[in-house]
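Asker: Need a 3D model of the following:
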Amino acid sequence: MSGHIPVLLDEVLATLAPRDGGVYLDGTFGGGGYATAILEQARCTLWAIDRDPEAIERGASLVAKFPGRLHLLHGQFGDMVSLLDQAGVTELDGVVLDLGVSSFQIDDPERGFSFRHDGPLDMRMGKHGTSAADLVNTLAEPALADVLYELGEERASRRIAKAIVAARLEAPIETTGRLAEIIRSVLPPDRSGNHPATRSFQALRIKVNDELRQIEDALAQAVRLLSPGGRLVVVAFHSLEDRIVKRFMSEATGRTGAPSRHNPAGLMTRDAPDFRLLTTRALRPGLSETNQNPRSRSARLRALERLGKGRDT
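Answerer: Numbering: from 1, shown residues only. Now for the predicted structure:
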């Protein structure tokens, strides 16, 4: 599994705390970094999901390394309940989700995720459905601007959308290199040093793969699957993802604000939460990790635990 460096690996293992005999889910198998570490740390069973067929193919060697303990499922992590139910699994001792794009996807020009390599403007994790090229060549200018602003937090979204629409009238935009150049032509250099196309590429990728809805579905299903004492560990990489995770975990652990005393709802007794927060603040990578793996810089880990005794306690 060379080429993939799992982010916050030590923190993930310490928080998930895999144990012998436990049953776990890696909802974002990717390069298999977390899966390998979990299976090496404990004599447990691990189910792993990935929507990318290439990730499932790469995982065959790990399945052979951990016979009877690692099981790969091709699909979306937002469908984890149905995928696991088909396999006869209805309860888990832990779930880990790495919401970042796999290094294998970023580094392969043919997948079209990165402006650093010219290739087809694709960005589909599952290799089916609407591509990024379909979006930039068909969306109306206002709709395209909305995607860039809402999913990429791109303040120059209208200017970029206008430039894209003008460019596609000359010829369809089919490569990452051409799209990046169009964006660069209308934006000044970013003072942070980031490429001017960074936020736009993020927005298109999120839209193509319906990532935010998938995250919401995955979080809701993960807590349904957790047995007492089971843990959910999530690593997010940008503010939109982390905001969803933080809000979900705050609500699940009863940390949302109480209604005003002037609101009749404030007189009602609130049920005790079924979960406790394991991370009062998001865990971040240290300097040594960010130096070794610059892509880890924006990572944030949050986790919760279902209250109650575990199966073996």
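Asker: Check what pLDDT the nearest residue to residue 96 once chain neighbours are set aside gets.
Answerer: Nearest non-adjacent residue to residue 96, counting by Cβ to Cβ, 6 or more residues apart in numbering: residue 233, 4.7 Å away. To be clear about C-beta, it is placed using only N, CA and C from the backbone, and glycine gets the same treatment. With respect to pLDDT, residue 233 has a value of 98.
Asker: Backbone dihedrals for residue 233, please?
Answerer: phi -120, psi 130 (degrees, to the nearest 10).
Asker: Share the number of residues neighbouring it, please.
Answerer: By other Cβ atoms under 10 Å, 27 other residues sit near residue 233.
Asker: Residue 279 too?
Answerer: 17.
Asker: Over to it. Which of the three states is it?
Answerer: Three-state assignment for residue 279 (DSSP: H, G, I helix; E, B strand; the rest coil): coil.
Asker: Test my guess that it contacts residue 11.
Answerer: No - here residue 279 does not reach residue 11: they are 9.2 Å apart, not a contact under Cβ atoms under 8 Å.
Asker: who touches both of the two?
Answerer: residue 301 (Cβ atoms under 8 Å, 6 or more residues apart in numbering).
Asker: OK, contacts around the residue nearest to the spatial centre of the chain?
Answerer: Centroid-nearest residue in the chain: residue 99, 1.6 Å away (criterion: Cα atoms, centre = their mean). Residue 99 is in contact with 28, 211, 215, 234, 235, 236, 237, 241, 245, counting by Cβ under 8 Å, 6+ apart.
Asker: Which of these fall in helices?
Answerer: 211, 215, 241, 245 (DSSP state H).
Asker: In contact with the third one, which residues?
Answerer: By that I understand residue 241. 99, 211, 212, 215.
Asker: Isn't the third one up against residue 151?
Answerer: By that I understand residue 212. Yes - counting by Cβ under 8 Å, residue 151 is a contact partner of residue 212 at 7.5 Å.
Asker: higher neighbour count, these two?
Answerer: When residue 212 and residue 151 are compared for neighbours, residue 151 comes out ahead with 21 against 17, by other Cβ under 10 Å.
Asker: thinking again about what came up before, spit out the residues that contact residue 212 and residue 151 alike.
Answerer: 206, 240.
Asker: hang on, the earlier thing: rebuild the ones in helices among the contacts of residue 99 as CSV, extending it with pLDDT and distance to residue 114.
Answerer: As requested, these are arranged in CSV below (pLDDT from 0 to 100; distance: Cβ to Cβ, whole Å):
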residue, pLDDT, distance to residue 114
211, 92, 16
215, 96, 21
241, 94, 18
245, 97, 24
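Asker: which of these sit farthest apart?
Answerer: Taking every pair in those and measuring Cβ to Cβ, the maximum separation is 12.4 Å, between 211 and 245.
Asker: who has more neighbours, those two?
Answerer: Each of residue 211 and residue 245 has its neighbours counted (other Cβ under 10 Å); residue 245 has more, 24 against 20.
Asker: I'd like the distance from whichever helix or strand residue 10 is part of to the chain centre, please.
Answerer: When secondary structure is defined by DSSP states H and E, residue 10 falls within helix 9-16. How far helix 9-16 lies from its chain's middle: 17 Å, per Cα atoms, centre = their mean, to the nearest Å.
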